[in-house]
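Asks: this one's sequence-less:
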């Protein structure tokens, strides 16, 4: 057997094994070093984070916050009110991990905000908030006065409405009902139904010369309420139930409103030539009109 044919001894195998193990050992060392550096960096960040986050160049000021411009009926300064609430918990840094969540929750809690679409950071220390605002559609008449609500029957801030402005909205009398806090929904089914109907009518309310809603009676079907609409001169429109969420119910509401618009366009008013009258749109065929005896103009209060 020649030397080339001899099997390798244990001593001759060791260098190869050491060479094969070296990359694995180096990798393990690299991982351990990275962990050590990372741990040290995290500890260092913990020791200086408060000072860094509170640095003036990173602190979000009210003037650096932009929000969706509110519609004309919102008189409150939503941005200032919300940012003030956020700042009560301490300075806000653009580097805060929870900045988006804090702004989202704070704006969502405001009575005028229907939805927070998104919150964006704008370097170096700005925040942009996209909002959808609530729209008032109804005034709920209670002994203490008129209370504004939106189409979902959410109570709105009363301070944003003067007595004259409140007169422009549909209203419903619910007697001695207890209103919820601003920003929360009425639990009273009468208000919920009236708000849904008022939302469908609000764009045409003034043009049709309407003044208020009234409960005709409670329908036997699903406990729904039937409504009547009254003009400023005392004419009465038998409307029926408030619109629901189904496509058929929305279509029926649109059809009733279309027939009322057409009648008002043809006659110039919903009131008769000789005074107040009854109009019925519950049938799908036109508008049924009959005289209204002993009707008086509604009181403006």
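Replies: Noted; the coordinates are in hand. Keep in mind that what you see is a predicted model, and the values were worked out from it rather than measured.

Asks: which SSE is the spatially most central residue of the chain in?
Replies: For the chain, residue 114 is the residue whose C-alpha lies nearest the centre (C-alpha atoms, centre = their mean; 1.3 Å). Assigning secondary structure by DSSP states H and E places residue 114 in strand 113-122.

Asks: starting at the chain centroid, how far to the very next helix or strand once past that strand?
Replies: Once the chain leaves strand 113-122, the next helix or strand it forms, by DSSP H and E, is strand 126-133. Relative to its parent chain, strand 126-133 has a centroid offset of 12 Å by C-alpha atoms, centre = their mean, to the nearest Å.

Asks: any buried residues in the strand holding residue 114, and which?
Replies: Residues of strand 113-122 classed as buried by neighbour count (16 or more other C-beta atoms under 10 Å): 113-114, 116, 119, 121. All C-beta atoms are positioned from the backbone trio N, CA, C, and that covers glycine.

Asks: could you check the angle it makes with strand 126-133?
Replies: Counting by axes from the mean of the first three to the mean of the last three C-alpha atoms, to 10 degrees, strand 113-122 lies at 160 degrees to strand 126-133.

Asks: okay, now the sheet partners of strand 113-122, with direction.
Replies: Within its sheet, strand 113-122 is paired with strand 126-133 (antiparallel), according to DSSP bridges.

Asks: now the partner strand: average pLDDT?
Replies: Averaging pLDDT along strand 126-133 gives 97.

Asks: for it, buried residues please.
Replies: Taking 16+ other C-beta under 10 Å as the criterion, strand 126-133 shows 127, 129, 131, 133 as buried.

Asks: what do you get for stretch 181-189?
Replies: So stretch 181-189, judged by 16+ other C-beta under 10 Å, has buried residues 182-183, 186, 188.

Asks: which one of those residues is nearest residue 151?
Replies: residue 186 (11.9 Å; C-beta to C-beta).

Asks: rewinding a little: want to try JSON lines for the buried residues of strand 113-122, with pLDDT as columns?
Replies: Below are those laid out as JSON lines (pLDDT from 0 to 100):
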{"residue": "113", "pLDDT": "98"}
{"residue": "114", "pLDDT": "98"}
{"residue": "116", "pLDDT": "98"}
{"residue": "119", "pLDDT": "97"}
{"residue": "121", "pLDDT": "93"}
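
Asks: closest to residue 101 out of those?
Replies: Closest to residue 101, out of all of the buried residues of strand 113-122 and judged by C-beta to C-beta, is residue 119, at 8.4 Å.

Asks: bridging residues for that closest one?
Replies: residue 129.

Asks: hang on, it packs against residue 96?
Replies: No: using C-beta atoms under 8 Å, residue 119 is not in contact with residue 96, being 11.9 Å away.

Asks: show me the shaky parts of this protein.
Replies: Flagging of the chain using pLDDT under 70 yields the residue ranges 1-56, 218-223, 294-301.

Asks: could you dump the buried residues of stretch 181-189 into a markdown table and include distance to residue 225 and secondary structure?
Replies: Putting the buried residues of stretch 181-189 into a markdown table (distance: C-beta to C-beta, whole Å; DSSP: H, G, I helix; E, B strand; the rest coil) gives the following:
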| residue | distance to residue 225 | secondary structure |
| --- | --- | --- |
| 182 | 24 | coil |
| 183 | 25 | coil |
| 186 | 14 | coil |
| 188 | 11 | coil |
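
Asks: ramachandran angles for residue 276?
Replies: Main-chain torsions, residue 276, degrees, to the nearest 10: phi -60, psi 150.

Asks: from residue 164, how far off is it?
Replies: Counting by C-beta to C-beta, to the nearest Å, the gap from residue 276 to residue 164 is 25 Å.

Asks: what does residue 204 give?
Replies: Residue 204 sits at a distance of 20 Å from residue 164 (criterion: C-beta to C-beta).

Asks: which one of those two has more residues nearby?
Replies: residue 204 (14 against 7; other C-beta atoms under 10 Å).

Asks: number of residues surrounding residue 102?
Replies: 16.

Asks: does it sit in a helix, a strand or a coil?
Replies: Using DSSP: H, G, I helix; E, B strand; the rest coil, the structure places residue 102 in helix.

Asks: sec struct for the nearest residue to it once chain neighbours are set aside, please.
Replies: Among residues not flanking residue 102 along the chain, residue 86 sits closest, at 6.0 Å (C-beta to C-beta, 6 or more residues apart in numbering). Following three-state DSSP, residue 86 is assigned to helix.
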